[in-house]
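Trainee: Model the structure of this input:
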Amino acid sequence: MSCKTLELRLRELVSQVKIPLPGSGRTAQRHRLLAETAREDISLAKIAEAHWDALAILAEAGRSAKEGEVYAVWASEVPASPLRLTRADDGHVLNGRKPFCSGIGLADRALITVGDPEQLLVEVDLRVNQPYLEGDLTIWQTDAFRNTQTGSVTFSGVRVDADAKVGGPAWYLERPGFWHGACGPAACWAGGVAGLVDFALASKRDDAHTLAHLGAMEANVWALLSLLNTAGDEIDASPTDRISAERRALQLRHMVEQSGSDILRRFSRAYGPQPLSMNESVSRRFQEADLFMRQSHGERDLESLGRLVRKGANNR
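Mentor: From the prediction side, this is the model:
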């Protein structure tokens, strides 16, 4: 899928699909839609998930999204060098550099985290501010997610209107919805690796070792979809419980990353280098699924989970 085709499909998708909000009573359906999108194409899911996450963030803040606009969420930080929001004659301006921005040139608007002078989330019109934004796609060296237009963005006097602040100081990270939103990428990871199993199911290879791996991979997909449904139902049961939301998201992301990595390992052992080197769609899916799951912070997330578990046990 070329960059232009991706943009056309993205705009078609987000205009047609009215995805349920987290905690709305249909969160499991939300997770399934995210997984199905990644099963279609992981790059598409990466951009669409950010758009749908932005809609959920705005709704949680009591704000409305601009009709017909595609949103990005740019929340990665340069260590010790956060974006700075300063006063100007007619409002505020934003200066600095933001890494890992997906949807450069694709998104119309973005929700962007600011670190100085305080932690804030602001909504920026990317089209209006285009002269004051400089995207650098050359920093992205892998072919994985190439068409998502991912790179760094330098902000040079980007205008931020007075009503552009979303929530108050530190609101973005402290709300329960932050952790409900963290389940969204995990749903995409699950759908991404499920697409590899779709290829395996279409393959005619039926030797004993291939079938053993196929059975294990299909069992993993069943477990992944079950986890997404369970997490969705739990979110709907207690949508405002932040501690439970954090623990659930960390557990879900860990389990999806583990099962997803097992699918990648088994797929490569079962089918060898041929589809990974000679089938463009399979090769790209494998690389993108692996890279996307690196958003799981591994042992750091497990340490955080362990602390929550220990704290919960001590409070019984």
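Trainee: mind listing what's buried in stretch 306-316?
Mentor: Going by neighbour count (16 or more other CB atoms under 10 Å), the buried part of stretch 306-316 is residue 308. Placement of C-beta: from N, CA and C, glycine included.
Trainee: so how far is that stretch off the chain centroid?
Mentor: How far stretch 306-316 lies from its chain's middle: 28 Å, per CA atoms, centre = their mean, to the nearest Å.
Trainee: Only alpha carbons, please: show that stretch as CSV.
Mentor: Output of stretch 306-316 as CSV, limited to C-alpha atoms (Å, rounded to 0.1, in the frame of the first residue of the first chain):
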residue,chain,number,x,y,z
GLY,A,306,4.8,-5.8,39.8
ARG,A,307,4.6,-2.7,42.0
LEU,A,308,0.9,-2.4,41.4
VAL,A,309,0.4,-6.0,42.2
ARG,A,310,2.5,-5.8,45.4
LYS,A,311,0.7,-2.6,46.4
GLY,A,312,-2.7,-4.3,45.9
ALA,A,313,-1.6,-7.3,47.9
ASN,A,314,-0.4,-5.2,50.8
ASN,A,315,-3.7,-3.3,50.9
ARG,A,316,-5.8,-6.4,51.3
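Trainee: mean confidence for that stretch?
Mentor: Stretch 306-316 shows a mean pLDDT of 84.
Trainee: and residue 111, that's in a strand?
Mentor: Yes: under DSSP: H, G, I helix; E, B strand; the rest coil, residue 111 sits within a strand.
Trainee: for it, which residues make a bridge with it?
Mentor: residue 73, residue 123 (DSSP bridges).
Trainee: Quick one: neighbours of it, just the number.
Mentor: Neighbourhood size, residue 111 [other CB atoms under 10 Å]: 24.
Trainee: and if you look at residue 37?
Mentor: Residue 37: 26 neighbours (other CB under 10 Å).
Trainee: wait, what's in contact with it?
Mentor: Applying CB atoms under 8 Å, 6 or more residues apart in numbering, we find residue 37 in contact with 13, 44, 45, 48, 49, 188, 191.
Trainee: Surely the fourth one forms part of a helix?
Mentor: If I follow you right, that is residue 48. Yes: Residue 48 sits within a helix when classified using three-state DSSP.
Trainee: hey, where'd the helices end up in the chain?
Mentor: In the chain, the helices defined using DSSP state H lie at 3-16, 27-40, 42-60, 171-174, 176-202, 208-237, 242-271, 273-278, 280-293, 298-314.
Trainee: what's the average pLDDT for stretch 53-66?
Mentor: 96.
Trainee: Give me the buried stretch members for that stretch, please.
Mentor: For stretch 53-66, by 16+ other CB under 10 Å, it's 53, 54, 55, 56, 57, 58, 59, 60, 61, 65.
Trainee: Next: stretch 82-93.
Mentor: 82, 83, 85, 92, 93.
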